[in-house]
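Trainee: next one to model:
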Amino acid sequence: MSAVRVTGVIQAGGRSTRMGGEPKALLELGGKRIIERVVDAVGSVLDDLLVVTNTPERYAFLELPMVPDVFPDGGALGGIYSGLRAAGGDAAFTVACDMPFLHPAIVRMVVERAGEGDVVIPRTGTQLETMHALYAKRCLPAMEARLRAGQLKIVAFFGEVRVVEVDVARMAPPRAPEVTFMNVNTPEELARARALVAELD
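Mentor: Numbering: from 1, shown residues only. Sure, this is the predicted structure:
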């Protein structure tokens with residue numbers, strides 16, 4: 001494990017509009033809520049966790065520290081910033097709350113490289129997995145400048161920091177990347193996840 005202290009941050013600030021307003025993190029999948037699956041995967045690698053949410057009462061059952069969005073209209077970048085700012089560690093490993101098939105081995109693959117860059121991020125093909133990545137505290141000023149300017153694309157500040165890409169496909173992951181990084185945003189994706197969970201669990 002690297003000497004860098006890493007806090008696990010779970011982003012639960014989204015509005016779930018495509019799911020009809022029901023918080024997708026609380027939907028059940030294979031007998032567990034999606035966010036519980038996320039907490040289990042990250043918590044098996046990191047023992048310091050927090051949740052970014054503007055509705056803490058919904059997630060009180062997790063018994064984890066919770067922080068609100070510093071920039072409520074800052075989208076995913078605002079959530080990453082808020083979690084990183086509140087993190088007790090030197091860096092935050094940030095994940096979305098709607099990724100039911102996170103795998104501890106892939107979390108570890110990113111976290112173990114924490115000292116190598118300001119951002120350590122998995123790449124699958126041409127896609128950077130910004131919501132399954134590690135961000136060091138050194139990113140905060142660049143993030144804040146973008147947020148104040150209303151520039152909410154996560155990768156926009158990457159040119160100002162050291163970025164290390166982890167090519168997941170090359171590292172023989174224990175689970176197919178398209179499953180590991182799958183989000184459940186729509187009823188169709190939920191149905192697909194429910195079919196998958198029977199095979200994987």
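Trainee: can you get me a residue count around D167?
Mentor: 11 (other CB atoms under 10 Å). Where C-beta positions appear, they are placed from N, C-alpha and C, glycine not excepted.
Trainee: who's it bridged to?
Mentor: Counting by DSSP bridges, D167 is bridged to R123.
Trainee: per-residue pLDDT, it?
Mentor: pLDDT for D167: 91.
Trainee: what separates it from R123, distance-wise?
Mentor: 5 Å (CB to CB, to the nearest Å).
Trainee: same question for A41.
Mentor: 20 Å.
Trainee: more neighbours, those two?
Mentor: Here A41 and R123 are set side by side on neighbour count (other CB under 10 Å), and the busier one is A41, at 21 against 15.
Trainee: now that one, nearest residue through space, not along the chain?
Mentor: Nearest non-adjacent residue to A41, counting by CB to CB, 6 or more residues apart in numbering: L102, 3.8 Å away.
Trainee: make sure G74 is actually in contact with K153.
Mentor: No - using CB atoms under 8 Å, G74 is not in contact with K153, being 11.5 Å away.
Trainee: looking at those two, which is more packed in?
Mentor: G74 (21 against 12).
Trainee: work out for me the element the residue nearest to D48 when sequence neighbours are not counted sits within.
Mentor: In this structure, D48 finds its nearest non-sequential neighbour in T7, 4.7 Å apart by CB to CB, 6+ apart. Following DSSP states H and E, one finds T7 within strand 6-11.
Trainee: for the record, mean pLDDT for whichever helix or strand comes after that strand?
Mentor: Sequence order places strand 28-29 as the next helix or strand after strand 6-11, per DSSP H and E. For strand 28-29, the per-residue pLDDT values average out at 91.
Trainee: parallel or antiparallel, which strands does strand 28-29 pair with?
Mentor: Strand 28-29 has these strand partners (DSSP bridges): strand 32-33 (antiparallel).
Trainee: and the residue nearest to the spatial centre of the chain, which of the three is it?
Mentor: Centroid-nearest residue in the chain, with CA atoms, centre = their mean: V95, separated by 0.8 Å. V95 falls in the strand class when you classify it by DSSP: H, G, I helix; E, B strand; the rest coil.
Trainee: who's it bridged to?
Mentor: I10, H132.
Trainee: mind checking the longest helix of this protein?
Mentor: The helix that spans the most residues within the chain, counting by DSSP state H, is helix 187-200.
Trainee: summarise which helices and strands it is packed against.
Mentor: strand 28-29 (3 or more CB pairs under 8 Å, 6 or more residues apart in numbering; DSSP states H and E).
Trainee: hmm, who's touching the strand it packs on?
Mentor: I34, R37, P100, V184, L190, A193, R194, V197 (CB atoms under 8 Å, 6 or more residues apart in numbering).
Trainee: quick check: the second one is in a helix.
Mentor: In this case it means R37. Yes - the assignment for R37 by three-state DSSP puts it in a helix.
Trainee: which non-adjacent residue is nearest it?
Mentor: Using CB to CB, 6+ apart, the nearest residue to R37 is P100, at 4.8 Å.
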